[in-house]
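Undergrad: Below: sequence and its predicted model.
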Amino acid sequence: MKSGIHPDYHFIKIVMTDGTEYQTRSTYGKEGDSLQLDIDSKTHPAWTGGEQKLLDRAGRVSKFSAKFGSIGAAKPR
């Protein structure tokens, strides 16, 4: 292998949404950095069997609902 062309591969800490942590090797950041996850296998519907949990970060969901809440709603007959 050529020297000097590969990225630095080091240990970082991964913090899951429930606060659990583990260490892995990555090219992210520097040695000892921490990566905080917003979505992981415990909250994403692809791994939870389709049950979706909406996390309203900075009021985005409520702003969208206020602006577009009536779109697609069934009209009374």
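TA: Looks like it came in fine. Numbers count the residues shown, from 1 in each chain.
Undergrad: CA atoms for contacts and neighbours, from now on please.
TA: Will do.
Undergrad: wait, Asp33 sits on Gln23?
TA: No - in this structure, Asp33 is not within contact of Gln23 by CA atoms under 8 Å, at 10.1 Å.
Undergrad: Overlap in contacts, the two.
TA: Taking CA atoms under 8 Å, 6 or more residues apart in numbering as the criterion, Asp33 and Gln23 both touch Phe11, Ile12, Lys13.
Undergrad: Which of those are buried, as a PyMOL select command?
TA: Under the burial definition 16 or more other CA atoms under 10 Å, those of the shared contacts of Asp33 and Gln23 that qualify are selected in PyMOL by:
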select buried, resi 11+12+13
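Undergrad: Just send the shared contacts of Asp33 and Gln23 back as TSV, with distance to Ala66, secondary structure and pLDDT too.
TA: Formatted as TSV, the entries for these read as follows, by distance: CA to CA, whole Å; DSSP: H, G, I helix; E, B strand; the rest coil; pLDDT from 0 to 100:
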residue	distance to Ala66	secondary structure	pLDDT
Phe11	44	strand	96
Ile12	40	strand	96
Lys13	38	strand	96
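Undergrad: immediately after the lowest-mean-pLDDT helix or strand in the chain, which helix or strand?
TA: Across the helices and strands of the chain, mean pLDDT, DSSP states H and E gives its lowest value to helix 45-48, namely a mean of 68. Toward the C-terminal end, the helix or strand that comes next after helix 45-48 (DSSP states H and E) is helix 60-68.
Undergrad: what about that following helix, distance to the chain center?
TA: Between the centre of helix 60-68 and the centre of its chain there are 20 Å (CA atoms, centre = their mean, to the nearest Å).
Undergrad: Helix or strand: which one has the closest residue to Ile39 other than its chain neighbours?
TA: Counting by CA to CA, 6 or more residues apart in numbering, Thr17 is the residue found nearest to Ile39 once chain neighbours are left out, at 6.7 Å. Counting by DSSP H and E, no helix or strand carries Thr17.
Undergrad: so Thr17 makes contact with Asp40?
TA: Yes - counting by CA under 8 Å, Thr17 touches Asp40, with 6.8 Å between them.
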